[in-house]
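Chemist: predicted structure and sequence below. I'll ask about it afterward.
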Amino acid sequence: MRRSLAFAFLLVAFGTFATAQEEVPLKPKPPTASQAKMLVADSVRTARQLTALEETLRELDASVAANQASIAAHNAQYPNGQCTYTEENPSACDGWIAEAAELNTAKADLGQQLEKHRFRKAQLRGHLNMRLARMRMMALLDGLTEWEQEVVACSRLRRDADRGCLIAAWERHP
């Protein structure tokens with residue numbers, strides 16, 4: 001009898017506890033002005049970094065193209081890929097070989113720089129996309145000023161237009 005009373009008591013206690021949890025709805029809070037401003041400032045900073053990084057990547061691409069042209073010109077000197085020398089002038093190919101080593105080293109260095117910068121670009125793009133998504137969510141929660149709504153509109157633009165819009169909006173912020 002005591003066991004059944006204890007069991008009934010436990011059922012009622014846990015049933016009440018579970019009901020109390022279900023009755024508490026989650027209510028999202030609109031962002032505060034400082035949170036919104038920090039989010040926009042971080043988005044603009046990231047957009048500027050991404051723009052600068054893309055300029056660096058363009059410069060590196062030009063350097064890679066110049067290196068490839070130099071390698072092609074170097075290889076054109078001896079189309080069969082072998083420099084020949086005579087016994088009277090055994091060091092005739094030393095300069096050509098040294099130039100090949102230098103060009104290959106530059107090619108490897110440029111490849112490493114490109115890989116590093118492309119990885120950083122992917123990181124920045126992901127970070128910016130996350131910030132833009134948060135700004136779009138802020139618009140759903142309301143409580144934004146007119147300027148913040150303009151910035152949220154920037155977050156809805158296509159992939160590269162969003163950065164220019166964000167930077168321009170930041171220049172006009174109150």
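Modeler: Right, received. Where do you want to start? Numbers count the residues shown, from 1 in each chain.
Chemist: once you drop chain neighbours, what's closest to residue 103?
Modeler: Of all residues not flanking residue 103 in the chain, residue 71 sits nearest, at 5.2 Å (C-beta to C-beta, 6 or more residues apart in numbering). The C-beta positions use only the backbone N, C-alpha and C, and glycine is treated the same way.
Chemist: pull the number of nearby residues for that neighbour.
Modeler: 16 (other C-beta atoms under 10 Å).
Chemist: list the backbone torsions phi and psi for it.
Modeler: phi -60, psi -40 (degrees, to the nearest 10).
Chemist: can you check residue 99 too?
Modeler: phi -60, psi -40.
Chemist: what strand or helix carries the spatially closest residue to it that is not a sequence neighbour?
Modeler: Of all residues beyond its chain neighbours, the one nearest residue 99 is residue 74 (5.8 Å), with distances taken as C-beta to C-beta, 6+ apart. Per DSSP states H and E, residue 74 falls inside helix 33-77.
Chemist: and that helix, what does it pack against?
Modeler: The helices and strands touching helix 33-77, judged by 3 or more C-beta pairs under 8 Å, 6 or more residues apart in numbering; DSSP states H and E, are helix 94-141, helix 146-154, helix 161-171.
Chemist: one step back: my read: the residue nearest to residue 103 touches residue 108, true?
Modeler: No. Shown here, residue 71 and residue 108 do not form a contact pair, counting by C-beta atoms under 8 Å, at 11.9 Å.
Chemist: re the thing from before, the helices and strands packed on helix 33-77: lowest mean pLDDT?
Modeler: For these, mean pLDDT drops lowest on helix 146-154, to a mean of 69.
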